[in-house]
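Asker: what follows is a protein structure lacking sequence information:
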């Protein structure tokens, strides 16, 4: 039985004897002259740099093979985020192995020769890097699917859901998430789509169609716009403009083809045929600020991220440049590296707020609007603005009526006013304005400092053109722009 009372002293004596025995067998000098167990009989396997005589390095080729390729090509990753990053895919035997950033943003130009800067690099994010996994993945949809309830509705001849509202439950229009999907061929899908479009045109055609729309609760103004054509009840949404020409204008062309269907449905000629309704991407689902194009003329397309990286004060609201907008996040990082002050306005302590110098926690709702109005008032009261820029490139000098809160029109002040917009100016030649549109918009009015009275102004009188016309808008005593 083992001696459980072995003391530390006994253990050291025992090990010393074992060491002495090994030393004697090895021909070593006394233990006092050599380190313990430093036997000359123990020959090292290698000396010096072990990598010089590494026995077998063939296994390293396995890792090199993972990155070897025989061809590559560039492609544009254009998911719903609209970044359109230019990537490079590497292939072997025709199969994409991986994608990387192409780092050529500084070489890109548009149709007008405007060239981007290298500051846009790096481009790309995890979505682009793993796109080939979606293409080759087992869950990729490789064939069409039709909702079973909708397919049964089509097979039953598209009975009107307005005439019998109970059919919405029968064909699961009220609970589509509980329905199953049925596999179909492309020929079957094309046939179902064509028959559905024809049935829609016929169902909402003429007086009977109007009655169905009224029964469904559509407003009279909307029904009037159909002008008796069932094709006018079809709403086609073009894809996001920055995602490519085919996705946007392909749908618009398809929509216009509905006029051919109307000639058969109503029996009208080409001059009276009506197509469907084109709904712009942002009009359709409003995922961008609706007021943006009204102020800037473009929908979130006029901001250059190079301005962001050079800013001294960055106020982030409604945007998450830490978790979202991933290809542009490096601009946010560069802003911080350059010493800019970061302000984040959000109800929650969001990821961008963790990087901010100032975090303004607001109540969800209209609190952020109140903050912007307060900031705007302070900027105007303290004159922290570029007066020349405000006069020549914003709509602040345009007078606004206090009774209707609409812009004051020139013909409301000057009875004999004649529209003064030049047909060769940018409104007509660049922006494509039509004469009937101009007559509806009209000219506007400013308070002219030089003449000390009201003066008509056209939409083309901006920047140097306003200065050349001799117009100099004035401010009132309180520092705000004149309103009448």
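Answerer: Arrived safely. What you are looking at is a predicted structure, and each value in this text was computed from that prediction instead of being measured.
Asker: local confidence estimate at residue 54?
Answerer: Looking at residue 54, its pLDDT is 66.
Asker: ditto for the one 4 residues further on
Answerer: We note a pLDDT of 83 for residue 58 in this prediction.
Asker: how many other residues sit next to it?
Answerer: Neighbourhood size, residue 58 [other C-beta atoms under 10 Å]: 6. Glycine gets a C-beta too; all of them are placed from N, C-alpha and C.
Asker: any idea how far residue 65 is from it?
Answerer: Using C-beta to C-beta, to the nearest Å, one gets 11 Å for the distance from residue 58 to residue 65.
Asker: any stretches of the stretch 1-150 of the chain with poor pLDDT?
Answerer: Applying pLDDT under 70 to the stretch 1-150 of the chain flags the ranges 1-47, 50-51, 53-54, 80-81.
Asker: can you show me the helices along it?
Answerer: For the stretch 1-150 of the chain, the helices defined by DSSP state H, counting those that start in this stretch occupy 8-25, 60-67, 126-129, 131-136, 148-155.
Asker: what sits closest to residue 315 if chain neighbours are left out?
Answerer: residue 343 (4.5 Å; C-beta to C-beta, 6 or more residues apart in numbering).
Asker: tell me the SS of the one you found?
Answerer: Under the three-state scheme (DSSP: H, G, I helix; E, B strand; the rest coil), residue 343 adopts strand.
Asker: pretty sure it sits against residue 358.
Answerer: Yes. With contact taken as C-beta atoms under 8 Å, residue 343 and residue 358 are classed as touching, separated by 4.6 Å.
Asker: out of the two, which sits in the busier spot?
Answerer: A direct count of neighbours by other C-beta under 10 Å for residue 343 and residue 358 places residue 343 higher, at 17 against 11.
Asker: quick one: the more buried one and residue 335, what's the gap?
Answerer: Distance, residue 343 to residue 335, by C-beta to C-beta: 12 Å.
Asker: which residues do these two both contact?
Answerer: residue 314 (C-beta atoms under 8 Å, 6 or more residues apart in numbering).
Asker: list the buried ones in stretch 179-199?
Answerer: Taking 16 or more other C-beta atoms under 10 Å as the basis for neighbour counts, the residues of stretch 179-199 that come out buried are 179, 184, 192, 197, 198, 199.
Asker: same deal with stretch 399-419?
Answerer: Taking 16+ other C-beta under 10 Å as the neighbour-count basis, stretch 399-419 is seen to contain the buried residues 399, 400, 408, 409, 410, 413.
Asker: of the residues you listed, which pair is most distant in space?
Answerer: With distance counted by C-beta to C-beta, no two of the buried residues of stretch 399-419 lie farther apart than 400 and 410, which are 13.8 Å apart.
Asker: for residue 442, see how far away residue 131 is.
Answerer: From residue 131 to residue 442 the distance is 50 Å (C-beta to C-beta).
Asker: just residue 88 next, same as before
Answerer: Computed with C-beta to C-beta, the distance linking residue 88 and residue 442 is 52 Å.
Asker: just residue 176 next, same as before
Answerer: Distance, residue 176 to residue 442, by C-beta to C-beta: 47 Å.
Asker: these two: who's more crowded?
Answerer: The residue with the greater number of neighbours, taking residue 176 and residue 442 and applying other C-beta under 10 Å, is residue 442; the counts read 18 against 11.
Asker: ok, that one - contacts?
Answerer: When the contact criterion is C-beta under 8 Å, 6+ apart, the partners of residue 442 are 409, 410, 411, 419.
Asker: the first one reaches residue 443, doesn't it?
Answerer: Yep, that's residue 409 we're talking about. Yes. With contact defined as C-beta under 8 Å, residue 409 counts as touching residue 443 (7.1 Å).
Asker: just to revisit the earlier point, let me have the contacts of residue 442 in JSON lines, adding pLDDT, secondary structure and distance to residue 170 as columns.
Answerer: Converted to JSON lines, the contacts of residue 442 look like this (pLDDT from 0 to 100; DSSP: H, G, I helix; E, B strand; the rest coil; distance: C-beta to C-beta, whole Å):
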{"residue": "409", "pLDDT": "92", "secondary structure": "strand", "distance to residue 170": "55"}
{"residue": "410", "pLDDT": "92", "secondary structure": "helix", "distance to residue 170": "59"}
{"residue": "411", "pLDDT": "91", "secondary structure": "helix", "distance to residue 170": "57"}
{"residue": "419", "pLDDT": "90", "secondary structure": "coil", "distance to residue 170": "58"}
